[in-house]
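In: Let me see the structure of the following:
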Amino acid sequence: MTFLNPLALIYALSIGVLLLLHFRKPKKMHWVSDLQLWQDIEQESMQRKSIFRIIKRNRLLILQILLLAAIVLALARPLITLWGGPSRTLLLIVDCSASMTALEDGIPRFELAREKALDLIEDAHNADKILLVQARPRMNLHTYTGSEKAAIREALNTMTATHGSVDIGRIVTTAVSSLENTESVEIYIIDDGTQAPPSLNTLPEVEVHTIRIGKTGDNVAIANLSIRENPFSAHDRQVFCEIENFSDREHIFPFDIFLDGTVLITETIRLNPKQSERIVTDIPAGANGILHAVINSEDAMEIDNEAFAVLDSHAMSVLLGTSGNLFLEKALQVNPRIALTVLKPEECTSERFGRGYDAIILDGFQRPDLPPGNYFLIRSESGRTTGGSSLRAIRSLTSPRPEHPILAFVDPAGITLDRATPLDLTPSDAVILEGNGYPLLAANETGIYRTVKLGFDIRDSSLPLTYAFPVLLSNILGWLEPEDSGPGNQTAAGSAIRLRLPAYDASKDLVVVTPDGKTFRATAGKGILSFAETESTGIYTIRYSRAIKRFAVNLSSRSESNIKPVDTVTDEHPHSPDRPATAGTGRETWRWLLLASLLLLALEWRRYQGAA
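Out: Here you go, the predicted model:
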């Protein structure tokens, strides 16, 4: 026998309270002339006070104890297993991905999946073990017994679909791996069939049932919304939007882009089946705010009919320490996104470094007492190899990490060097550029701080004479910027928002407000905020001591927007097969205990009336 609510057994203490109240009698004092005649009477009285004799004479107390015991056991909900034998394990996986929000004849797919899951639960036996898995970007798994149907129904009724992308195959594999063994396991996968069915060939003893909900494929989506920045000018920005028709029919619909509620562009789009269209428009110079793209299409899914981006341009404070480098100074001065301060090497002190600059550039020198910060060290002593050996006449540079953000839109092949000093690397350095096999540009990230080291003087190279120079310099400063989160401040639904905070804000509490108004308190571990509760699309607001940072969360998944099922094989009437009579099953007895409590209450009342 097991108890479904064992915490209720704590009410058994009430029986002890009853006994204490019953046997507690006030002490009385009697004055007598002599104790000699009372000794035999006292001894006889002690024998009569035996607990067993008292209980035997007090049947009313026994009825009250039995009544309380029956009530306590009923609250604990005892479960008695009858007949014994093996039980099954039911693994129920419900797809909660964004495509499950699509409508089938006006009803969301997720609601249809919920009804299928509820039907399956009703067929489960009390002794079965049920694993309910929500297939979300962050998988959710709960274990129940077949007798807890009310709790399972409540979990299913409160379950919602996410706005993110889900890999059903990965979810199934992870859920199966959590099983203690695969004997007597039945897996039910309820999804819309937009992904290829997972392969479970390695578990031939597992019985797998697939229940497909989806049928329609009628959907038009904003497949991509991004901000393009011109590295040569902070005022030259464009919004790029791609709209795709995934359905088998033509769609004609209005398309609008708003900037803080003001119309930026409006036009009518006509898309043939399986056709896409790209739209590019300029953003007003210096504009900041929320960019909102909307299509008003009559299709089966709504959450991909809008997308967001955040325009958040601000000046980055940069300190340049140099003895005179016109190429570097001019490239920084013409960039309107940079608030530049230029100092001579002898003026670069720890006191000046500690004034809260976003990045510090040291051209050709280094101070021995550098405080923590974000640095760009150009041909400094810390960047040289032991002995300071030099390289000459390097005709081309190569990159072992061409995907690094520092090399975005930069082709290093055309850069030549007259001379350079190979870098002395630390274990945490990542080599970005090499010349003749030697490291010449490296990046380092330690907690909230970043450092970039360059092993040559830019005046000893052709870099200032190429278009790559302002782009490379902009990329380096963008990578060093503490609050950099990329153009548009965007992330995909279900993916974590990561924000690298300045040192003076990293230790403080942060508040994150979701699009539906929910508030979360977060902390920045090692100076990096990672917020994973992003299953809804919209604008997320992060508040901390210095400022407010906003992020846009979009679906951004063609696999979810393409809602047409690729697999329609389904069990039309899935039911758990009948088992032999020897299989273990459970019975709850709280109803019988409650009936017994009523009978005991009636007997106790009758006994009390008789005693009266």
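In: which residues of the chain fall in helices?
Out: 13-23, 39-48, 51-57, 59-76, 109-122, 149-158, 168-177, 326-333, 350-353, 468-480, 503-506, 558-561, 590-611 (DSSP state H).
In: ok, now which ones touch the residue lying closest to Arg138 once chain neighbours are set aside?
Out: Excluding its sequence neighbours, the residue lying closest to Arg138 (Cβ to Cβ, 6 or more residues apart in numbering) is Ala532, at 6.6 Å. (Each C-beta comes from the backbone N, C-alpha and C, glycine too.) Neighbouring residues of Ala532 by Cβ atoms under 8 Å, 6 or more residues apart in numbering: 138, 496-497.
In: okay, which residue is most central for the chain?
Out: With distances taken as Cα atoms, centre = their mean, the residue of the chain nearest its centroid is Ala532 (3.0 Å).
In: Quickly note the distance from that one to Phe520.
Out: 10 Å (Cβ to Cβ, to the nearest Å).
In: Quick check: of the contacts of Ala532, which lies closest to Asn374?
Out: Ile497 (20.8 Å; Cβ to Cβ).
In: so that closest one sits right up against Thr534, yeah?
Out: Yes - at 6.1 Å, Ile497 and Thr534 qualify as touching, with contact defined as Cβ atoms under 8 Å.
In: And the two? Which one has more around it.
Out: Thr534 (25 against 22; other Cβ atoms under 10 Å).
In: Who is the closest residue in space to that one that isn't next to it in sequence paired with across the strands?
Out: Leaving out its chain neighbours, the residue that sits closest to Thr534 by Cβ to Cβ, 6+ apart is Val553, at 5.0 Å. Bridge pairing for Val553 (DSSP bridges) gives the partners Thr491, Gly538.
In: contacting residues for Val553?
Out: Here Val553 is in contact with 163, 308, 490-493, 497, 515, 534, 536-540 (Cβ under 8 Å, 6+ apart).
In: quick one: it from Val310, how far?
Out: 10 Å.
In: cool, Ala175 as well?
Out: On the measure of Cβ to Cβ, Ala175 and Val310 end up 36 Å apart.
In: just to revisit the earlier point, just the buried residues from the contacts of Val553, in PyMOL please.
Out: Here is the PyMOL command that selects the buried residues among the contacts of Val553 (16 or more other Cβ atoms under 10 Å):
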select buried, resi 163+308+490+491+492+493+497+515+534+536+537+538+539+540
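In: Looking at the contacts of Val553, which is nearest Pro427?
Out: Nearest to Pro427 among these, counting by Cβ to Cβ, is Ile497 at 29.2 Å.
In: What does the pLDDT read for the residue nearest to His292 when sequence neighbours are not counted?
Out: Take His292 and drop its neighbours on the chain: the residue closest to it by Cβ to Cβ, 6+ apart is Phe258, 4.5 Å away. Confidence at Phe258, expressed as pLDDT, is 95.
In: can you tell me which of the contacts of Ala532 are in strands?
Out: Counting by DSSP state E, those place Ile497 in strands.
In: So Arg607 is in contact with Leu61, correct?
Out: No - counting by Cβ under 8 Å, Leu61 is not a contact partner of Arg607; they are 10.0 Å apart.
In: residues in contact with the closest residue in space to Ala315 that isn't next to it in sequence?
Out: Among residues not flanking Ala315 along the chain, Ala339 sits closest, at 4.3 Å (Cβ to Cβ, 6+ apart). Contacts of Ala339 were listed using Cβ under 8 Å, 6+ apart, and they are 315-318.
In: Can you name the two of these that sit furthest apart?
Out: Ala315 and Val318 (9.2 Å).
In: more neighbours, those two?
Out: More crowded of Ala315 and Val318, by other Cβ under 10 Å: Val318, with 23 against 13.
In: Enumerate the beta-bridge partners assigned to the residue nearest to His292.
Out: With DSSP bridges as the rule, Phe258 is bridged to Val263, His292.
In: Tell me how far it lies from Ala307.
Out: Relative to Ala307, and taking Cβ to Cβ, Phe258 is found at 11 Å.
In: what is in contact with these two at once?
Out: With Cβ under 8 Å, 6+ apart, Phe258 and Ala307 have common neighbours 292-293.
In: These two: who's more crowded?
Out: Shown here are Phe258 and Ala307; by other Cβ under 10 Å, Ala307 has more neighbours (29 against 16).
In: what's near enough to touch that one?
Out: 222, 224-225, 241, 292-293, 552, 554-556.
In: What's the local residue count around the nearest residue to Glu244 once chain neighbours are set aside?
Out: Leaving aside its sequence neighbours, Glu244 sits nearest to Ser276 (Cβ to Cβ, 6+ apart; 3.9 Å). The tally of other residues near Ser276 (other Cβ under 10 Å) stands at 16.
In: Leu595 now?
Out: Neighbour tally, Leu595, other Cβ under 10 Å: 12.
In: and what of Thr268?
Out: Using other Cβ under 10 Å, Thr268 is surrounded by 8 other residues.
In: which one is it nearest to, not counting chain neighbours?
Out: Nearest one to Thr268, counting by Cβ to Cβ, 6+ apart, is Pro254 at 5.5 Å.
In: Contacts only, for the one you found.
Out: Neighbour list for Pro254: 266-269, 295-296 [criterion: Cβ under 8 Å, 6+ apart].
In: okay, now the domains of this structure?
Out: Under the assignment automatic domain parsing, the domains of the chain span 2-82, 89-216+564-584, 220-312, 316-480, 490-550.
In: average pLDDT across the first one?
Out: Spelled out, it's domain 2-82. The average pLDDT for domain 2-82 rounds to 71.
In: Which member of the contacts of Pro254 is positioned nearest Thr145?
Out: Closest to Thr145, out of all of the contacts of Pro254 and judged by Cβ to Cβ, is Ile295, at 47.3 Å.
In: Run a quick neighbour tally on the closest one.
Out: Quick note: Ile295 (other Cβ under 10 Å) scores 21 neighbours.
In: Tell me the predicted confidence for it.
Out: Ile295 is given a pLDDT of 96.
In: Repeat that for Asp516.
Out: 92.
In: Not counting residues beside it along the chain, what's closest to it?
Out: Ser536 (6.2 Å).
In: Verify the contact between the one you found and Val513 for me.
Out: No - using Cβ under 8 Å, Ser536 makes no contact with Val513, being 11.9 Å away.
In: Pass me the low-pLDDT residue ranges in the stretch 151-300 of the chain, would you?
Out: Counting by pLDDT under 70, the stretch 151-300 of the chain shows low-confidence ranges at 181-183, 199-205, 230-235.
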